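In: below are the sequence and a predicted model; questions follow.
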Amino acid sequence: MWEHERLVVRTGKRSGMTTMVAVHSSAAGPAVGGTRMKEYAAITDAVTDVLRLSKAMTLKCEAAGIPHGGAKSVIVVDREITPELRRAVLLDHADLINEFGGAYRAGPDVGTGPDDMAVLRELTPHAYCLPEEQGGTGSSSGPTARGVLAALKAASRHTFGTSDLTGRKVVISGFGSVGELIARGLAGADVTVSDVDGSRRTAEFGWVDPDQAYRTRADVLVPAAVGGVLSPETVEHLDVKLVVGPANNQLTDDGVAGLLRDRGIVWVPDHVASAGGVIYTLAREDDGADHETALKRVDGIEATVDRLLRTRQRNGGSAPAEVSNMGI
Ligand SMILES: NC(=O)c1ccc[n+]([C@@H]2O[C@H](COP(=O)([O-])OP(=O)(O)OC[C@H]3O[C@@H](n4cnc5c(N)ncnc54)[C@H](O)[C@@H]3O)[C@@H](O)[C@H]2O)c1
């Protein structure tokens, strides 16, 4: 069933490249979501991605109690990206964002960053997270990692009886900008990391090859790379008690949540655990909150996860309320 408000796909007049915006819902307010710049095997895969990710943003804003709807945009990489072409396609994308007249506001996502947002801002006011030296809040990786750590505290209390992860084995799949900050925030835990990029390996943490990350015995698994990692096949081989991480759209389909529950594995939905970045950015850039106040709002994810897991327990393992406003 078609449940999105709008999907617009354009061929850029400067770059000749395809960019698209999907607005899932603006019922709660202007729709927000990152701009993903990525290669896809087929254009239909990009459309599927933008539709799924925009819906996840609606859930994320709702769970975080943010008065915004969900959207997402994709720039389809179909050739080598020179600096000139990057600039051209970003300006094309800014034109597309302007077609929405403020109903869609963009931030960075996989493949884009604060410098790219500054290029968008040359043509549209609807871009968040410019570099700090240009008055923006920069990368949202720090607040995202902080939000995951807050979610981990609540989920650990629920699962292990204490929020202290000292001595617990934690596997982090995806040692990128958020994964690394989570690893560093887990002082005292026995942290093992994994990444398809072998150059990310460091003596500071244990290492497991990416194809083994979802089979390694541990207390906690942190998906921090890509989506679609929790499938019926991977769940069958999981040997952990708790799964909490920032990767968007972790389940291959909604039914996998039931499989996790049946195996006694506590899973915190990614749209709850990964909301720190959007909470922080909107607090600073829309509400004018200072850094500390914005971080306090991010820390509210701990209470949200507490409520979610208590509701789930009361409902015998499932919580329809887990996608509704948890009131951060
Ligand atoms: N950065 C944010 O503020 C933010 C906010 C919400 C959600 N997320 C999500 O969190 C995840 C991580 O974000 P990030 O900003 O750290 O991205 P990143 O690109 O910095 O890091 C991702 C890392 O995962 C690795 N990787 C890719 N495929 C892998 C695989 N199959 N197995 C293991 N490692 C793999 C990459 O080599 C990279 O090091 C993404 O799914 C992103 O959408 C990020």
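Out: Ah, there it is.

In: need the residues of the stretch 101-250 of the chain near the ligand, please.
Out: 110, 140-141, 144, 173-179, 194-197, 200, 210, 224-226, 246-248 (CB under 6 Å from any ligand atom). Heads up, the C-betas are built off the backbone N, CA and C, glycines and all.

In: buried subset of those?
Out: 110, 140-141, 144, 173-176, 178-179, 194-195, 224-225, 246-248 (16 or more other CB atoms under 10 Å).

In: show me the contacts for residue 167.
Out: With contact set as CB atoms under 8 Å, 6 or more residues apart in numbering, residue 167 has these partners: 188, 189, 190.

In: which of those ranks first by neighbour count?
Out: Counting neighbours by other CB atoms under 10 Å, residue 189 leads those with 20 neighbours.

In: quickly find the element holding the nearest residue to it once chain neighbours are set aside.
Out: Nearest non-adjacent residue to residue 189, counting by CB to CB, 6 or more residues apart in numbering: residue 165, 4.3 Å away. Secondary-structure assignment from DSSP states H and E places residue 165 in no helical or strand segment.

In: surely residue 165 meets residue 222?
Out: No - Residue 165 is beyond contact range of residue 222, at 11.0 Å (criterion: CB atoms under 8 Å).

In: what sits in contact with each of the two?
Out: With CB under 8 Å, 6+ apart as the test, residue 165 and residue 222 both reach residue 152.

In: which one's more surrounded, those two?
Out: More crowded of residue 165 and residue 222, by other CB under 10 Å: residue 222, with 31 against 23.

In: need the contact list for that one.
Out: Here residue 222 is in contact with 148, 152, 170, 171, 172, 173, 179, 182, 243, 244, 245, 246 (CB under 8 Å, 6+ apart).

In: one more time with 6 Å, if that's ok
Out: Counting by CB atoms under 6 Å, 6 or more residues apart in numbering, residue 222 touches 172, 245.

In: so it sits in a strand?
Out: Yes - assigned with DSSP: H, G, I helix; E, B strand; the rest coil, residue 222 falls within a strand.

In: so it bridges to which residues?
Out: residue 172 (DSSP bridges).

In: returning to that earlier point: now tabulate the contacts of residue 167 in CSV and tack on secondary structure and distance to residue 297.
Out: Output for these, formatted as CSV (DSSP: H, G, I helix; E, B strand; the rest coil; distance: CB to CB, whole Å):
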residue, secondary structure, distance to residue 297
188, coil, 26
189, coil, 25
190, strand, 31
